[in-house]
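>>> My questions are about this predicted structure, shown below with the sequence.
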Amino acid sequence: MKTVSTQKMRELDRRTIQDYGIPGETLMDRAGLGVADVVDYVAKMWGYPDPPILLFAGRGNNGGDAFVAARYLKEQGYQVDLSLACEAGRVTGDALSHLSRARRAGIEIREFPDKPDWEDMLAESRPPAGGIVIDGLLGTGTRGPARGPAAGAIQYINMLAGRCLVVSIDVPSGLNSDTGRAEGDAVKADLTLTMGLPKQGLTEPCALDYVGSVEVIDIGIPDELTAPIRSERELTTAEDLRKLFGRRPRTAHKGNYGHLLVIAGAAGYAGAAAMACRAALRSGVGLVSALVPAGIAPTVAGLVPEAMVHAGPETGSGSPAADIIQHWDRNITDFDAVLLGPGMTTHLHTRHLVEWVLDNTAAPVVLDADALNVLAGETARLARRSGPLIITPHPAEMARLLGATADEVQSDRFGRAAQAAREAQCTVVLKGAGTIVAEPGKTPSLNLTGNPGMAKGGMGDVLAGLMAGMAGQGMAPYDAARTAAYLHGRAADYAAWRSSQAGLTAGDVIDELANVFKEVSAR
């Protein structure tokens, strides 16, 4: 999904209205309906029955979207509460039309046109547990810090965020949609529903604390208008990924969907190998074989009964021996993809094993965690290999790979991901809030699914297993990487919506993976 500037999006809206005869009122209705549909979906997963929906609107088009969303949500049976951060008489144009329709639908609109009104609410109110807040205060046309009642309303929403889920329309109010910077008070959303195409500012690292997960609402901008657009970065969406998933024939068997080899684990790290295998099995791959040190093989086999677990020779510290594959009765060329790294430790044998695999298979290889750490600073060695390669560094691992600091990586995530992809001539997955997938010759792709509950051990093992499973099914490395990143984060969102962020575990994400495939494939 291409990213655009605010000016470009405004031009797309104008041409859609003028050249294609689609009224602005209709575009606004589509936007509000899209918001209502997503909120309804989230509400059904939310842990509270019949959550109250609290909508906050300004006088512009974002307010109009909120008026539409309120009407549709009321029609669906929700209790809606609509507050206006201005006098109703200041609402004009298409937004006014939808304000009138909301009133005719029986929605009471409360007006708070002065900042002291919001200050009084801040002092007196207690946030309702389990409510869903919809932010429709300020849109992409806002420049400079929020002022007056809008600033007061933003502060009030951020107070509610302590116990409510916050959904922002198009862009979190107070955030610059081109730079991603908060120039004053800005809403901290859990979910941003942006219209038409994602705005450039939503993809900036400085915006991550404000935008939460990002979804794009299709409002009917004609493809003829968006096709010529070129952007320096893209946002991964479910719509982008659907074309990668075809219908499975009724005559399909496990041999049709690839055989993945997972080489992982060491003494004390059986869980890493097991989680990678469990996630791989959820990817849709036909078969998963795990080759692990003999000391942990019974544990891994017990944790993942669907995988074929094989015990191999180990070092004195319990990590895989360098010649673990040579002592096996299988040939590495028997497999459609190979994953190395989860829980292997950085023993000298690990390096020899990684190099042997890179030199002896033409199948896609995913290097994760310690399999990558043993080649720190050696992007040229990564470039010398026999087949496709995906690497999955977090910021500290990327820093070691490039001879930089973690702060330098974080201050230029897109640039460093592209640098590593260019030097190692491979697909790079720079993990973290806003995972970036880069590959030479392709536009870098940003993933904005996921939530802070993923700051837990084991999450990287799950991502690596899922990604390798996608590659094992024949998906191109770039597509396997961005698909896995999207589904991994979305599974964490689903799990957090059903329970909580604080209580989220890597196992919860694995369990949710089967459900999130419905976003990209009905099969």
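Nice, I can see it. Numbers count the residues shown, from 1 in each chain.
>>> worst-scoring helix or strand of this protein, pLDDT-wise?
The weakest-scoring helix or strand in the chain, judged by mean pLDDT, DSSP states H and E, is helix 115-124 (a mean of 86).
>>> tell me which strands and helices that helix is in contact with?
In terms of contacts (3 or more Cβ pairs under 8 Å, 6 or more residues apart in numbering; DSSP states H and E), helix 115-124 is packed against helix 148-160. (Each C-beta comes from the backbone N, C-alpha and C, glycine too.)
>>> What pairs with the helix or strand that the helix it packs on is followed by, parallel or antiparallel?
Past helix 148-160, further along toward the C-terminus, the next helix or strand under DSSP states H and E is strand 165-169. Its sheet considered, strand 165-169 pairs with strand 132-136 (parallel), strand 191-195 (parallel) by DSSP bridges.
>>> Might you report the residue contacts of the residue nearest the centre of the chain?
A centroid search over the chain (Cα atoms, centre = their mean) returns Thr449, at 1.9 Å, as the residue closest to the centre. With contact set as Cβ atoms under 8 Å, 6 or more residues apart in numbering, Thr449 has these partners: 213, 485-486, 488-490, 492-493.
>>> Which of those residues are buried? Put it as a ChimeraX command.
In ChimeraX, selecting the buried portion of those, with burial taken from 16 or more other Cβ atoms under 10 Å, looks like this:
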select :213,485,486,488,489,490,492,493
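>>> Take the contacts of Thr449 and write them to CSV, including secondary structure and pLDDT.
Listed next are those as CSV, based on DSSP: H, G, I helix; E, B strand; the rest coil; pLDDT from 0 to 100:
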residue, secondary structure, pLDDT
Ser213, strand, 94
Ala485, helix, 98
Tyr486, helix, 97
His488, helix, 98
Gly489, helix, 97
Arg490, helix, 96
Ala492, helix, 97
Asp493, helix, 94
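>>> Return the member of the contacts of Thr449 nearest to Val262.
Ranked by distance to Val262 (Cβ to Cβ), the contacts of Thr449 are led by His488 at 16.6 Å.
>>> my guess is that closest one meets Leu463, correct?
Yes: with contact defined as Cβ atoms under 8 Å, His488 reaches Leu463; the gap is 4.8 Å.
>>> Let me know the secondary structure of the residue nearest to the centre of the chain.
Using DSSP: H, G, I helix; E, B strand; the rest coil, the structure places Thr449 in coil.
>>> what's the spacing between it and Arg242?
According to Cβ to Cβ, to the nearest Å, Thr449 and Arg242 sit 15 Å apart.
>>> how about the closest residue in space to Gln419 that isn't next to it in sequence, what does it touch?
Nearest-residue entry for Gln419: Leu402, 6.4 Å, with adjacent residues in sequence omitted and distances by Cβ to Cβ, 6 or more residues apart in numbering. Counting by Cβ under 8 Å, 6+ apart, Leu402 touches 377, 379, 409, 416, 419-420, 423.
>>> Narrow the residues you listed to those in helices?
If you go by DSSP state H, the contacts of Leu402 have 379, 409, 416, 419-420, 423 in helices.
>>> so how far is the least confident helix or strand of the chain from its chain's centroid?
On the basis of Cα atoms, centre = their mean, to the nearest Å, the separation between the geometric centre of helix 115-124 and that of its chain is 35 Å.
>>> Skipping its backbone neighbours, what lies nearest the residue nearest to the centre of the chain in space?
Here the residue nearest Thr449, using Cβ to Cβ, 6+ apart, is Gly489, at 3.0 Å.
>>> Repeat that for Glu111.
Leu84 (4.9 Å).
>>> per-residue confidence for that neighbour?
On pLDDT, Leu84 comes in at 96.
>>> Tell me what angle the least confident helix or strand of the chain forms with helix 148-160.
Angle between the axes of helix 115-124 and helix 148-160 is 20 degrees (criterion: axes from the mean of the first three to the mean of the last three Cα atoms, to 10 degrees).
>>> tell me which residues in helix 115-124 are buried?
Buried residues in helix 115-124, counted by 16+ other Cβ under 10 Å: 115, 117-118, 121.
>>> what's the answer for stretch 37-55, then?
Neighbour-count burial for stretch 37-55 [16+ other Cβ under 10 Å]: 37-40, 42-43, 46, 51-55.
>>> mind checking how far that stretch is from the chain centre?
Taking Cα atoms, centre = their mean, the mean C-alpha location of stretch 37-55 is offset from the chain mean by 20 Å.
>>> Check stretch 132-147 too.
Put simply, stretch 132-147 sits 23 Å off its chain's centre (Cα atoms, centre = their mean).
>>> Span of that stretch from start to end?
24 Å (Cα to Cα, to the nearest Å).
>>> buried set for that stretch?
Neighbour-count burial for stretch 132-147 flags 132-140, 142, 146 (criterion: 16+ other Cβ under 10 Å).
>>> the strands in the stretch 251-400 of the chain, which residues?
Shown for the stretch 251-400 of the chain, the strands assigned by DSSP state E, counting those that start in this stretch span residues 259-263, 287-293, 308-312, 337-340, 365-367, 389-391.
>>> which one of the ones you listed lies closest to Gly271?
Shortest distance between Gly271 and the strands of the stretch 251-400 of the chain, using Cβ to Cβ, is found for strand 287-293: 11.5 Å.
>>> got the angle for the closest one vs strand 308-312?
Going by the same axes, to 10 degrees, strand 287-293 makes 20 degrees with strand 308-312.
>>> Run through who's touching strand 287-293.
Residues contacting strand 287-293 (Cβ under 8 Å, 6+ apart): 254-255, 258-267, 270, 273, 277, 280-281, 300, 304, 306-315, 318-321, 324-325, 328, 330, 335, 469.
>>> Now the buried members of these.
Among the contacts of strand 287-293, those classed as buried by 16+ other Cβ under 10 Å are 258-267, 270, 273, 277, 280-281, 300, 304, 307, 309-312, 314-315, 318-321, 324-325, 328, 335, 469.
>>> Correct me if wrong: Ile17 contacts Met28.
No: with contact defined as Cβ under 8 Å, Ile17 does not reach Met28; the gap is 10.8 Å.
>>> neighbour count winner among those two?
Neighbours per residue (other Cβ atoms under 10 Å) separate Ile17 from Met28, with Met28 holding more: 24 against 15.
>>> Quickly note the distance from the more buried one to Ile221.
Separation of Met28 from Ile221 (Cβ to Cβ): 13 Å.
>>> Ala150 touches Leu84, doesn't it?
No: counting by Cβ under 8 Å, Ala150 stays clear of Leu84, with 11.0 Å between them.
>>> List the residues that are in contact with both of the two.
Counting by Cβ under 8 Å, 6+ apart, the residues touching both Ala150 and Leu84 are Gly58.
>>> which stretch among the strands of the stretch 251-400 of the chain comes nearest Val68?
strand 389-391 (42.2 Å).
>>> ok, residues contacting that closest one?
Contact with strand 389-391 is made by 358, 364-368, 372, 382, 401, 420, 424, 426-429, 467-468, 471, 477, 480-481, as judged by Cβ under 8 Å, 6+ apart.
>>> again, only this time at 10 Å
The contact list for strand 389-391 (Cβ atoms under 10 Å, 6 or more residues apart in numbering) reads 337, 339, 341, 358, 364-368, 371-372, 375, 379, 382-383, 397-398, 401, 420-421, 424-430, 437, 439, 464, 467-468, 470-471, 477-478, 480-481, 484.
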